[in-house]
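> The following block contains a protein sequence and its predicted model.
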Amino acid sequence: PDVAEYLCPPIDSQLVWGVPTWTGGNPDDDFSSTATTTIDGIQIVADNTLTDFAANPSAYFTEGTTFNGTHGLLINARSEQLLGTFIRYRIHFDQPVAGLAFSVVDIDLLDGIFNGKPDIYIDQVKVIASRGGIPLFLVNGTDYNVPDPTSVDDLGGGIFKGLKNVANINTRNGDVQFSIAEPIDEIIVEFTNVGPTNSIGPTAIHISDFNWNCTYNDTDGDNIPDHLDTDSDNDTCPDALEGDGGFTLLQIDANGRLIGPVISTTGIPTAAGTGQADVSGRD
């Protein structure tokens, strides 16, 4: 069954900002760049090229720092430059990962004075999680949690806005904490200022380290996950013949699929009943 081929043992992978060796660039480049690294066989691209650098010349990124008690990647900007524009950061995995957990830190609001002048900004962050270019609908309480709704307003659609100032101390009050069970291959974090007036001071958010527990199985490494691959070990013998169903070549089509109808609720061919046990498909 696809559900059995889809599951895999927990591998407890981590992207700890400041630790991996990157090629092609660095996550804290303060200009348009992409950086690539590999963790537990998964290629990860950190990409800031979607950022409006022309409107945000003072934007800068700091990898491997701690902010509000959380370790991660700091994104800093001049709030008057960020008004009406955006900083956009993309983290892409070359194969979907499941159980992805991370936080966006310090989404807040400031209504005060900086260097003797009015300093007003309202942070707004949009988070897009997708797989194969198709965004997921993120659900509060299932895919993410807002620890302090009096500090961060959940506007829906992955958009969050600061409600009050959150001091740079060990606090979760300005955070949105994500834990996405469904496999995804991309996260985009978009940061902007929606304050009522321009500000002359800085504003920042922080993307925490990433954790994930499981990825698709891809036994033969051909970039086709096992649950979509009719020959998951690439030995030219279709998986349908390697199970314990006793099927023959006469019972499969040219694409290695069992001939006949499929059970609509499970995706299992009717000929295979409730699905075949794995006898030698991985050998």
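Looks like it arrived, so ask away.
> residue farthest from the centroid of the chain?
In the chain, counting by Cα atoms, centre = their mean, residue 250 sits farthest out from the average C-alpha position, at 43.3 Å.
> For my notes, confirm that one occurs in a helix.
Yes: the assignment for residue 250 by DSSP: H, G, I helix; E, B strand; the rest coil puts it in a helix.
> State the distance from it to residue 240.
Distance of residue 250 to residue 240, given as Cβ to Cβ, to the nearest Å: 12 Å. Yep, even glycine has a C-beta here, placed from its N, CA and C like the rest.
> Strands of the stretch 151-283 of the chain, start to end?
For the stretch 151-283 of the chain, strands defined by DSSP state E, counting those that start in this stretch occupy the ranges 152-156, 159-162, 176-180, 184-193, 202-208, 210-212, 214-215.
> Export the ones you listed to JSON lines and append columns for distance to residue 12 and mean neighbour count.
Below are these laid out as JSON lines (distance: least, Cβ to Cβ, whole Å; neighbours: other Cβ atoms under 10 Å):
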{"stretch": "strand 152-156", "distance to residue 12": "28", "mean neighbour count": "16"}
{"stretch": "strand 159-162", "distance to residue 12": "28", "mean neighbour count": "20"}
{"stretch": "strand 176-180", "distance to residue 12": "14", "mean neighbour count": "19"}
{"stretch": "strand 184-193", "distance to residue 12": "17", "mean neighbour count": "21"}
{"stretch": "strand 202-208", "distance to residue 12": "16", "mean neighbour count": "24"}
{"stretch": "strand 210-212", "distance to residue 12": "7", "mean neighbour count": "21"}
{"stretch": "strand 214-215", "distance to residue 12": "9", "mean neighbour count": "20"}
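> Compare these and give me the one nearest residue 56.
Closest of these to residue 56 is strand 184-193, at 9.6 Å (criterion: Cβ to Cβ).
> Who are the packing partners of that closest one?
When contacts are defined as 3 or more Cβ pairs under 8 Å, 6 or more residues apart in numbering; DSSP states H and E, strand 184-193 packs onto strand 70-78, helix 79-82, strand 87-98, strand 100-105, strand 117-131, strand 202-208.
> What I need now is those written out in a markdown table, including mean pLDDT and distance to residue 13 for each item.
Converted to a markdown table, the helices and strands packed on strand 184-193 look like this (pLDDT from 0 to 100; distance: least, Cβ to Cβ, whole Å):
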| stretch | mean pLDDT | distance to residue 13 |
| --- | --- | --- |
| strand 70-78 | 96 | 16 |
| helix 79-82 | 90 | 32 |
| strand 87-98 | 92 | 7 |
| strand 100-105 | 97 | 10 |
| strand 117-131 | 89 | 17 |
| strand 202-208 | 95 | 15 |
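> Compare these and give me the one nearest residue 279.
Using Cβ to Cβ, those put strand 87-98 closest to residue 279, at 26.2 Å.
> Please identify the buried residues of the closest one?
87, 88, 89, 90, 91, 92, 93, 96, 97, 98 (16 or more other Cβ atoms under 10 Å).
> Now do the contacts for the last one.
Listed by Cβ atoms under 8 Å, 6 or more residues apart in numbering, the contact set of residue 98 reads 180, 181, 182, 183, 184, 212, 213, 214, 215, 216.
> can you tell me which two in these are farthest apart?
Farthest-apart pair in the contacts of residue 98 is 180 and 216; separation 14.7 Å (Cβ to Cβ).
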